[in-house]
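1. Sequence and predicted structure are below.
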Amino acid sequence: MTIAAPPKLFTPDDLLRMPDAVNYELVDGKLVERNMGMESSLIGMRIGHRLSSFVEDRRLGLLFGADAGYQCFPNAPDKVRKPDVSFIRSGRLPGDRPPDGHCRIPPDLAVEVVSPNDLAYEVEEKVTEYLRVGVPIVWVVSPKTQTVRIHRPRTSPRGPVSGLTEDDVIDGEDVLPGFSCRVRDFFV
């Protein structure tokens, strides 16, 4: 009888040292491959471009891409999540400078673009984790249906969840006041 060796567990520091770290998140010390397809990547870039222009012109904070890792889960020190796009308001990071390595505070906006191999429960798990650590807005962007589901804390005056179609306008709510664009502008 052969006994399998337990899987190797990784630390957030191990993830930083990996040459292909952009392709992984870390959950309970286990590497979780990120399933980013070309279309999803392009949509993430489009969202980032629209947000970047708005954020930089107004000096609202810092915008990050899919390789930015968040180690901000107090009950899970070996968890690192990487939203496809994220935003942190000015004044939340020391000197308004990004940290070396993973960020220890949650973003103000996390955007997850659904990729072809993403499982619904995994996306919902990420949304729940983000909301638990205090992320005020999470956008889940679906290329297949060209929709955006906006998740907020249960106490939000706008309600915990709302859905937008390609014909709707999305706005930045209290996180990015004044930002708006048509949902269809996110898609190819």
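-> Looks like it arrived, so ask away.

2. Name the helix or strand of this structure that has the lowest mean pLDDT.
-> strand 30-33 (a mean of 91; mean pLDDT, DSSP states H and E).

3. That one: which residues count as buried?
-> For strand 30-33, a neighbour-count test (16 or more other C-beta atoms under 10 Å) marks L31, V32 as buried. No exception for glycine: its C-beta is placed from N, CA and C like everyone else's.

4. packing partners for it?
-> Applying 3 or more C-beta pairs under 8 Å, 6 or more residues apart in numbering; DSSP states H and E, one finds that strand 30-33 contacts strand 24-27.

5. what does the average pLDDT come to for the strand it packs on?
-> Across strand 24-27, the average pLDDT comes to 93.

6. That strand: how far from the chain's middle?
-> 13 Å (C-alpha atoms, centre = their mean, to the nearest Å).

7. Tell me which strands the least confident helix or strand of the chain pairs with, and in which orientation.
-> Strand pairing for strand 30-33, using DSSP bridges, gives strand 24-27 (antiparallel).

8. hey, where'd the strands end up in this structure?
-> Taking DSSP state E as the test, the strands found in the chain are 24-27, 30-33, 61-64, 85-89, 109-113, 137-142, 147-151, 161-164, 169-172, 176-182.

9. I'd like to check what contacts the first one. Which residues are they?
-> Translated: strand 24-27. The contact list for strand 24-27, computed with C-beta atoms under 8 Å, 6 or more residues apart in numbering, reads 10-12, 15, 18, 31-34, 69, 76, 78-82.

10. The longest one too?
-> The set of residues that contact strand 176-182 without belonging to it, under C-beta under 8 Å, 6+ apart, is 50-51, 54-55, 58, 60, 87, 109, 166-172.
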